[in-house]
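*Asks:* what follows is a predicted protein model with its sequence.
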Amino acid sequence: MSNSSDPYDPANWVSPEPADAVWNERSYLAGILIGAVAYGVHATLFFITFALLWGRRRTHWRDYIWITYICVLFALSSLANGMQFWFTQLIYIDQGPRYPGGLSAFIIEQQSQTAAVWCVGAYIVNNWLQDGLILYRFWIIYGKRFWPIVLPGLVFLADVGISTALMVSLSRESFFLDLGAQLLTAYFSLSVGLNILLTAAIVGKLYFARRKLRSISSATSLSHHTSVAAMLIESALLYSVCGIIFLVPFSISDFTQNLVLPTLGQVESIAPLLIIMRVAQGQAWSSETSTRVANSSMGMKRTGVSTIGDDYGDHTRSATLALSTLHRDRDIESTVKVDDEAYGGSFVRLPKA
């Protein structure tokens, strides 16, 4: 039997707080730890992508934009992660234990503190950058046409407006209370909704392109543009899935949201990095890819173009495959001329027919 007067009896260490308050505290701490793992994934992808971009020949100003873009993403995510750790320290060590109402009340009511405001602000700006990139990807994949981008563009502008109002309101009150809670709900609903819309549109486009190419044996060079991996990465499906997982408990005020939110903040950077990594590896969909798919589906097989970057930096290994047929008596030879700067100016001799 336990002795209730014994201060070392574990039975006396149980928190006197209500069960929902304890779950709020536990889930918040667990979410921070899971988010730290996601930050490690982000950091790894950042250094890999940076090495890929820096290691290739930079011939256009857009090459430097991509390097700057991923550096800004990483800097903002690092800032947000650090501020989140600082706020967690305030909750569990510095201020929360003596706060009226306990740790759970501190988490809900003190989101207007400097650490929390900087954390949320950095993640919001990162989200703008991610949504902007996905919009750009959508525009490229749909052939740089204006009309498809009108609706998602308007949703994006509305999202920026609401998130700006949210950042302003954070200086006065916690985003879990009153106006802040309403703005936060609207912000996440628009952001996740926009990404679901764009994800569905991009996956649909790539899927139908994949179906077209399946019956064309000469289009195997385009398969990496329409693979399942391409659909998942190019559409930023990762963020949409994480966003849905977060929105479900958030919409019903379930503290399970705490397990997902820090990871969602890091996924805002992970999804764009995966796309840009494909750009650096020459596997990203470009405007020329759309042309090649259209030409292949119509049986126009005279020219193939293999690009790296294209609309993302014009560090292209534009391999214009000039197939010429040389007739010498009964022998037929085909030669492929490859761009001098990209591949060293060599000729590849194909087997005689």
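*Replies:* Noted; the coordinates are in hand.
*Asks:* helix or strand with the lowest mean pLDDT in the chain?
*Replies:* Across the helices and strands of the chain, mean confidence by mean pLDDT, DSSP states H and E is lowest for strand 322-328: a mean of 33.
*Asks:* buried residues of stretch 104-114, list them for me.
*Replies:* Neighbour counts over stretch 104-114 (16 or more other Cβ atoms under 10 Å) mark S104, F106, I107, I108, E109, Q110, Q111, S112, Q113 as buried. From N, CA and C alone the C-beta is placed, and that goes for glycine too.
*Asks:* whoops, stretch 74-86 was the one
*Replies:* Within stretch 74-86, the residues that qualify as buried are F74, L76, S77, S78, L79, A80, N81, M83, Q84, F85, W86, counting by 16+ other Cβ under 10 Å.
*Asks:* any idea how far the fifth one lies from V72?
*Replies:* If you measure L79 against V72 using Cβ to Cβ, to the nearest Å, the figure is 11 Å.
*Asks:* which residue is nearest the centroid of this protein?
*Replies:* Nearest residue to the geometric centre of the chain (Cα atoms, centre = their mean): A271, 2.0 Å.
*Asks:* thought that residue was touching N127?
*Replies:* No: counting by Cβ atoms under 8 Å, A271 does not reach N127; the two are 10.6 Å apart.
*Asks:* any regions of the stretch 101-250 of the chain where pLDDT drops low?
*Replies:* Residue ranges of the stretch 101-250 of the chain with pLDDT under 70: 175, 177, 210-235.
*Asks:* what sits closest to L52 if chain neighbours are left out?
*Replies:* Nearest residue to L52, sequence neighbours excluded (Cβ to Cβ, 6 or more residues apart in numbering): A280, at 3.7 Å.
*Asks:* just to revisit the earlier point, pick the one among the buried residues of stretch 74-86 closest to L259.
*Replies:* Checking these against L259 by Cβ to Cβ gives Q84 as the nearest, at 13.9 Å.
*Asks:* contact partners for that closest one?
*Replies:* When contacts are counted by Cβ atoms under 8 Å, 6 or more residues apart in numbering, Q84 touches I32, G35, A115, C119, P262.
*Asks:* likewise for V155?
*Replies:* L190, G193, L194, L197 are the contacts of V155 under Cβ under 8 Å, 6+ apart.
*Asks:* for it, give its distance to I149.
*Replies:* V155 sits 11 Å away from I149, taking Cβ to Cβ as the criterion.
*Asks:* same question for V72.
*Replies:* Where I149 is concerned, V72 sits at a distance of 23 Å (Cβ to Cβ).
*Asks:* okay, those two: which has more neighbours?
*Replies:* With neighbours defined as other Cβ atoms under 10 Å, V72 and I149 compare such that I149 has more, 18 against 14.
*Asks:* wait, a helix at W86?
*Replies:* Yes: under DSSP: H, G, I helix; E, B strand; the rest coil, W86 falls within a helix.
*Asks:* what pLDDT does it get?
*Replies:* W86 is assigned 96 on the pLDDT scale.
*Asks:* could you find the closest non-adjacent residue to it?
*Replies:* For W86, the closest residue by Cβ to Cβ, 6+ apart turns out to be A115, at 4.2 Å.
*Asks:* how about that neighbour, what does it touch?
*Replies:* M83, Q84, W86, F87, L90 are the contacts of A115 under Cβ under 8 Å, 6+ apart.
*Asks:* okay, and it sits in which element?
*Replies:* helix 114-141 (DSSP states H and E).
*Asks:* for that helix, buried residues please.
*Replies:* Residues of helix 114-141 classed as buried: 115-131, 133-135, 137-141 (neighbour count, 16+ other Cβ under 10 Å).
*Asks:* how much space separates G121 from T263?
*Replies:* 18 Å.
*Asks:* which residue ranges of this structure form strands?
*Replies:* Assigned by DSSP state E, the strands in the chain fall at 322-328, 331-337, 347-349.
*Asks:* still on that earlier bit, relative to W23, which of the buried residues of stretch 74-86 is nearest.
*Replies:* Closest to W23, out of all of the buried residues of stretch 74-86 and judged by Cβ to Cβ, is Q84, at 19.4 Å.
*Asks:* roughly how far does that closest one sit from I252?
*Replies:* To I252, Q84 is 24 Å away according to Cβ to Cβ.
*Asks:* got it, and K205?
*Replies:* For K205, the distance to I252 - Cβ to Cβ - is 34 Å.
*Asks:* those two: which has the busier surroundings?
*Replies:* Neighbour count, other Cβ under 10 Å: between K205 and I252, K205 has more, with 22 against 9.
*Asks:* can you pull the contacts of the more buried one?
*Replies:* So K205 contacts I141, Y142 (Cβ under 8 Å, 6+ apart).
*Asks:* now G101. Its backbone dihedrals?
*Replies:* The phi/psi pair for G101 (degrees, to the nearest 10) reads phi 100, psi -10.
*Asks:* burial of it, as a residue count?
*Replies:* By other Cβ under 10 Å, the residues close to G101 number 13.
*Asks:* chain neighbours aside, what residue packs nearest to it?
*Replies:* E109 (7.6 Å).
*Asks:* how many neighbours does F208 have?
*Replies:* Neighbour count of F208, defined by other Cβ under 10 Å: 12.
*Asks:* for T263, same thing?
*Replies:* Neighbours of T263 (other Cβ under 10 Å): 22.
*Asks:* just to check, it is in contact with C242?
*Replies:* Yes: here T263 lies in contact with C242, judged by Cβ under 8 Å, at a distance of 6.4 Å.
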